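Participant: Please find the sequence and the predicted model below.
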Amino acid sequence: MFSLNPRELRKMLKRMGINMEEIEAEEVIIKLPEGKKLIIESPNSVALMKAKGQPNMFYIVGGHIKEEAEETKEEEAPSFSEDDVKLVAEQAGVSLEEARKALEETSGDIAEAILKLKGA
C-alpha cells in the first residue's frame, strides 16, 4: 500500500473536483442493520469528501473500534384504558377494535378519536 501525505492527497482530490473537509470528531457511530453498532473512539482523522453529482463520502482513519448491541426500546403501554375504548366505541357507534385503533392513532386523545371515527 502506498502512502500520501495529507497535503498531496488534498491537491490530487482537488484536481479531480473533490473537496475534502476535515471534521473534528471524538467518536464515530455506525449503525448496522442487525441492530448492532460499530463505535470508533478517538479517530485520528475524519474527513468529508464532496464531489459534484456524487454522494458524500467519509474518510475515517485510525481509532479504537468496539462493537455494541443496540438498545431495544420497550414498547410503551397505551395511554388509555379499556373504559376509554368503550366510551369512544359508544360515542362513535363503532366496534371496540375500531375504537382501540383510533385511540392508538391519536395517542389516547378521546375527543380526537371520536371525531376521527365520525369523519368530522
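Facilitator: Structure received.

Participant: Can you give me the end-to-end span of stretch 61-80?
Facilitator: Distance between the two ends of stretch 61-80: 50 Å, counting by CA to CA, to the nearest Å.

Participant: Do a quick rundown of the helices in this structure.
Facilitator: 6-15, 82-92, 96-105, 110-118 (DSSP state H).

Participant: do you know which of the ones you listed lies nearest Leu38?
Facilitator: Closest of the helices of the chain to Leu38 is helix 6-15, at 24.2 Å (criterion: CB to CB). The way it works is simple: take the backbone N, C-alpha and C, and place the C-beta from them, glycine included.

Participant: Excluding chain neighbours, what is closest to the residue positioned nearest the centre of the chain?
Facilitator: Nearest to the geometric centre of the chain sits Lys31, at 9.1 Å (CA atoms, centre = their mean). Excluding the flanking residues, the one nearest Lys31 by CB to CB, 6 or more residues apart in numbering is Lys37, at 5.5 Å.

Participant: try Ala25
Facilitator: Here the residue nearest Ala25, using CB to CB, 6+ apart, is Val46, at 4.3 Å.

Participant: Any idea how many residues pack against the one you found?
Facilitator: 20 (other CB atoms under 10 Å).

Participant: tell me the contacts of it?
Facilitator: Applying CB atoms under 8 Å, 6 or more residues apart in numbering to Val46 gives the contacts Glu22, Ile23, Glu24, Ala25, Val28, Phe58, Tyr59, Ile60, Val61.
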